[in-house]
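Peer 1: Whatever this is, show me its structure:
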Amino acid sequence: MNVSDIMTLNPVTISPQSTLQQALSKMLDIRCHHLPVTSQNKHLVGIISDYDCLNALSKSDNHHDTNLRVNKVMTPAPIIVEPQSP
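Peer 2: Residues are numbered from 1 along each chain as shown. The predicted model follows:
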């Protein structure tokens, strides 16, 4: 079995400039817990989870910040593997 056998071919992604509210809404819509974060050139620049969003929004100084951006809380530069990897 290779990575290509279980990977999502066309994943839903989000921009680093999107808000955490937008990220959470997108995750709820497609029923997932993580989103790849991609640049305008469609390069993977990070990954964000629902936990990352909720944790950041729950902090007292961010609680009412509806403009908090994905790039402030995402995990940058995730480790990647090629589709043909076992």
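Peer 1: can you pull the buried residues of the helix or strand bottoming out on mean pLDDT in the chain?
Peer 2: Sorted by mean pLDDT, DSSP states H and E, the helices and strands of the chain end with helix 50-58, the least confident at a mean of 92. For helix 50-58, a neighbour-count test (16 or more other C-beta atoms under 10 Å) marks 50, 52-53, 56-57 as buried. Any C-beta I mention is one placed from the backbone N, CA and C, and that applies to glycine too.
Peer 1: Pick the one among those closest to residue 28.
Peer 2: Closest approach between those and residue 28, by C-beta to C-beta: residue 50, at 8.4 Å.
Peer 1: Hmm, that closest one is touching residue 25, no?
Peer 2: No - judged on C-beta atoms under 8 Å, residue 50 makes no contact with residue 25 at a distance of 10.8 Å.
Peer 1: Not counting sequence-adjacent ones, nearest residue to residue 40?
Peer 2: Of all residues not flanking residue 40 in the chain, residue 15 sits nearest, at 7.7 Å (C-beta to C-beta, 6 or more residues apart in numbering).
Peer 1: Over to residue 24?
Peer 2: Nearest residue to residue 24 in three dimensions, chain neighbours excluded: residue 53, at 5.0 Å (C-beta to C-beta, 6+ apart).
Peer 1: Provide a list of residues in contact with that neighbour.
Peer 2: Contact analysis of residue 53 by C-beta atoms under 8 Å, 6 or more residues apart in numbering lists 20, 23-24, 27, 73.
Peer 1: Going by contacts, tell me the helices and strands next to the helix ranked longest in the chain.
Peer 2: Longest helix of the chain, by residue count under DSSP state H: helix 20-30. Counting contacts by 3 or more C-beta pairs under 8 Å, 6 or more residues apart in numbering; DSSP states H and E, helix 20-30 is packed against strand 34-38, helix 50-58, helix 70-73.
Peer 1: C-alpha coordinates for that helix, PDB please?
Peer 2: Below are the C-alpha coordinates for helix 20-30, written out as PDB (Å, rounded to 0.1, in the frame of the first residue of the first chain):
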ATOM      1  CA  LEU A  20     -10.100  31.300  12.100                       C
ATOM      2  CA  GLN A  21     -13.900  31.600  11.900                       C
ATOM      3  CA  GLN A  22     -13.700  30.900   8.100                       C
ATOM      4  CA  ALA A  23     -11.500  27.900   8.800                       C
ATOM      5  CA  LEU A  24     -13.800  26.500  11.400                       C
ATOM      6  CA  SER A  25     -16.800  27.000   9.200                       C
ATOM      7  CA  LYS A  26     -15.100  25.200   6.300                       C
ATOM      8  CA  MET A  27     -14.200  22.300   8.600                       C
ATOM      9  CA  LEU A  28     -17.800  22.000   9.800                       C
ATOM     10  CA  ASP A  29     -19.100  22.200   6.300                       C
ATOM     11  CA  ILE A  30     -17.000  19.300   5.100                       C
END
